[in-house]
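Student: okay, sequence plus prediction incoming.
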Amino acid sequence: MATNKIVHILVIRLSAMGDVAMTVPVILGIIKKYPGVKITVLTKAFTAPIFADIPNVKVFNAEVKGKHKGVLGLWKLYKELKALQIDAVADLHDVLRSSILKRFFKLSTIPFIQVDKGRAAKKALVDPERTSFIPLPTTFIRYAEVFSKLGYPVTISEMEILSKRPIPESAKTLINFEGKVLIGIAPFAAFSGKMYPLPLMERVIAALNSTNKYQIVLFGGGKKEVEVLTTWETQFNNCSNAAGKLSFSDELSLISNLQLMLAMDSGNAHLAAMFGVPTVTIWGVTHPYAGFSPFNQPENNALLSDRKKYPAIPTSIYGNKYPDGYDKVMETILPETIVKKIIEISGISV
């Protein structure tokens, strides 16, 4: 489909935050390789700052709980999008909403390619009776395949990361410890099966804090999470809590300046990785073989629960399902192991 004229591609990825962030290296690669392409990203308003300042990329806010709700709302959305003179659609979500939009776009004969999520392969991966255990294609590869089918192939090596953003004034009071390594810790995840036990994470923070060589910024959201992080901020002198204090845009700018991020198999890992920040991830009942590792991170940056002791791992793709007795899988990853990995990557002698 590639031509000499400006081609306008609509990219659909409505949620979740981590999946939206994973579109960034692919989109940046497309924009760099094909200067004649401009992209509109259909996503929720909250995630729009992820795409700020990317050349030839604009965001169209999907109001899925407002005017774009239901079939009639999606018809209205289709009309609004069609008015943008869309030439092709890259559906990187493939959910009911985007499938309905696909039917509408077929009326205009506009090419509409949907991502292959590999549902059958992922189902086989989490089957405790699995006969093989091999890595599936990454989400980045799956996204790239959509653009390839539209005539715009891009390889992993051609994908790009975002540039560091200026630290906003709102964040400067959180990082006023001079001469220390700035690291982020995002200890929460959507499901308990992906979350390192908080008492063990507290031990990680205590060990890093005691070196007096790290400035730790805590990330999270929600009332209960903020309460936990505020307690740690009070307890540890080298620790600041960003949760509830910054806009999402300012939080992204702060993340882009980190020298390391420690996160779960969750959105914050992908937000850090899209800026090229070294990212250590902790995995519970999920596993990198499902294809959700952060972009361009070394394999040994992923700290995995013990599959010899818990052979059914991965028990689910999203961390929401696990059999009896698998609620303590993350306890097989010792706090000392995490601290050692952070010290190794940061190059700090303690």
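Tutor: Cool, got the structure. Numbers count the residues shown, from 1 in each chain.
Student: tell me the buried residues in stretch 58-77?
Tutor: 59, 60, 62, 64, 68, 73, 74, 77 (16 or more other CB atoms under 10 Å). Backbone N, C-alpha and C define where each C-beta goes, glycine included.
Student: swap in stretch 124-132?
Tutor: Buried residues in stretch 124-132, counted by 16+ other CB under 10 Å: 125, 126.
Student: again with stretch 257-272
Tutor: Buried residues in stretch 257-272 (16+ other CB under 10 Å): 257-272.
Student: of the residues you listed, which belong to helices?
Tutor: Counted as lying in helices by DSSP state H, out of these, are 267, 268, 269, 270, 271, 272.
Student: kindly indicate which of those lies nearest residue 89.
Tutor: Proximity of these to residue 89 (CB to CB) peaks at residue 270, which lies at 23.1 Å.
Student: okay, that closest one: pLDDT?
Tutor: For residue 270, the pLDDT comes out at 98.
Student: doesn't residue 22 make contact with it?
Tutor: Yes. With contact defined as CB atoms under 8 Å, residue 270 reaches residue 22; the gap is 5.5 Å.
Student: show me whatever sits in contact with both of these two.
Tutor: Any residue near both residue 270 and residue 22 by CB atoms under 8 Å, 6 or more residues apart in numbering counts here, and that gives residue 295.
Student: please tabulate the ones in helices among the buried residues of stretch 257-272 in JSON lines, including the columns distance to residue 92.
Tutor: Converted to JSON lines, these look like this (distance: CB to CB, whole Å):
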{"residue": "267", "distance to residue 92": "16"}
{"residue": "268", "distance to residue 92": "20"}
{"residue": "269", "distance to residue 92": "18"}
{"residue": "270", "distance to residue 92": "14"}
{"residue": "271", "distance to residue 92": "17"}
{"residue": "272", "distance to residue 92": "20"}
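Student: nearest to residue 307 among these?
Tutor: The closest of those to residue 307 turns out to be residue 269 (CB to CB; 20.2 Å).
Student: is it correct that that closest one is in contact with residue 288?
Tutor: No. Contact criterion CB under 8 Å: residue 269 and residue 288 do not qualify, at 11.0 Å.
Student: could you chop the protein up by domain?
Tutor: Domains of the chain are assigned by automatic domain parsing as 7-153, 172-346.
Student: sorry, back to before: quick check: the farthest pair among the ones in helices among the buried residues of stretch 257-272?
Tutor: Using CB to CB, those reach their maximum pairwise distance at 267 and 272, which is 9.8 Å.
Student: count of neighbours near residue 151?
Tutor: 13 (other CB atoms under 10 Å).
Student: what does residue 169 give?
Tutor: 8.
Student: let me know the pLDDT of it.
Tutor: Residue 169 is assigned a predicted lDDT (pLDDT) of 93.
Student: please name the residues that touch it.
Tutor: For residue 169, the contact set (CB under 8 Å, 6+ apart) is empty.
Student: how close does it get to residue 115?
Tutor: Going from residue 169 to residue 115 by CB to CB, to the nearest Å gives 39 Å.
Student: try residue 51
Tutor: Counting by CB to CB, the separation of residue 51 from residue 115 is 18 Å.
Student: okay but residue 15 is in contact with residue 45, surely?
Tutor: No. With contact defined as CB under 8 Å, residue 15 does not reach residue 45; the gap is 11.6 Å.
Student: neighbour count winner among the two?
Tutor: More neighbours surround residue 15 than the other of residue 15 and residue 45, with 16 against 12 (other CB under 10 Å).
Student: how many residues are close by the closest residue to the more buried one other than its chain neighbours?
Tutor: Sequence neighbours aside, residue 44 is the residue nearest to residue 15 in space, at 6.3 Å (criterion: CB to CB, 6 or more residues apart in numbering). As a burial measure, residue 44 scores 18 neighbours (other CB under 10 Å).
Student: surely residue 44 and residue 14 touch.
Tutor: Yes. Taking contacts as CB under 8 Å, residue 44 lies within contact range of residue 14: 5.9 Å.
Student: so what sits against both of the two?
Tutor: Common contact partners of residue 44 and residue 14 (CB under 8 Å, 6+ apart): 62, 64.
Student: report pLDDT for residue 2.
Tutor: pLDDT for residue 2: 50.
Student: just confirm residue 202 is within a helix.
Tutor: Yes. The assignment for residue 202 is a helix, going by DSSP: H, G, I helix; E, B strand; the rest coil.
Student: I'm done for today, thanks for sticking with me.
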